[in-house]
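**Student:** only geometry, no sequence info:
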């Protein structure tokens, strides 16, 4: 499975962006998916995850109430709607897919996209 993340860019604090993660094959619907991010000089961290059915999601405390993860299995695509962005949200955002037992563990995901840069100016 190949994943292609897109939608990053430069936005002012308080603004919004929507990230997309497109998969190369229809079997994406069998996998859980997640978004992770790596800020400069920091470890990669969990942002949000969604089970294959789309009915269960999980978020990092730092983004709850501001970010929304969703997926469209018919389009083989996952989304991350980001609102009320803060400078501390600046990072490279990665999408991932896999057969995982827990959405939050990056080590459980087998497939990764290349990352898309999100920069939030103050």
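**Tutor:** Right, received. Where do you want to start? Quick caveat, the model's predicted, so the values are computed rather than measured.
**Student:** Can you name the residues that contact residue 88?
**Tutor:** 39, 62, 120 (CB atoms under 8 Å, 6 or more residues apart in numbering). Quick note: C-beta positions are derived from backbone N, CA and C, even for glycine.
**Student:** Find the nearest non-adjacent residue to residue 73, please.
**Tutor:** Leaving out its chain neighbours, the residue that sits closest to residue 73 by CB to CB, 6 or more residues apart in numbering is residue 29, at 3.9 Å.
**Student:** for residue 49, same thing?
**Tutor:** residue 103 (2.9 Å).
**Student:** In a helix, that neighbour, correct?
**Tutor:** No: Residue 103: not assigned to a helix; according to DSSP: H, G, I helix; E, B strand; the rest coil it is coil.
**Student:** how many other residues sit next to it?
**Tutor:** 22 (other CB atoms under 10 Å).
**Student:** now do residue 79
**Tutor:** With other CB under 10 Å as criterion, residue 79 counts 19.
**Student:** Look up the closest residue to the residue nearest to the spatial centre of the chain, ignoring the ones flanking it.
**Tutor:** For the chain, the residue nearest the mean C-alpha position is residue 35 (2.4 Å; CA atoms, centre = their mean). Once flanking residues are discounted, residue 35 sits nearest to residue 47: 4.3 Å by CB to CB, 6+ apart.
**Student:** so what pLDDT did that neighbour get?
**Tutor:** pLDDT, residue 47: 98.
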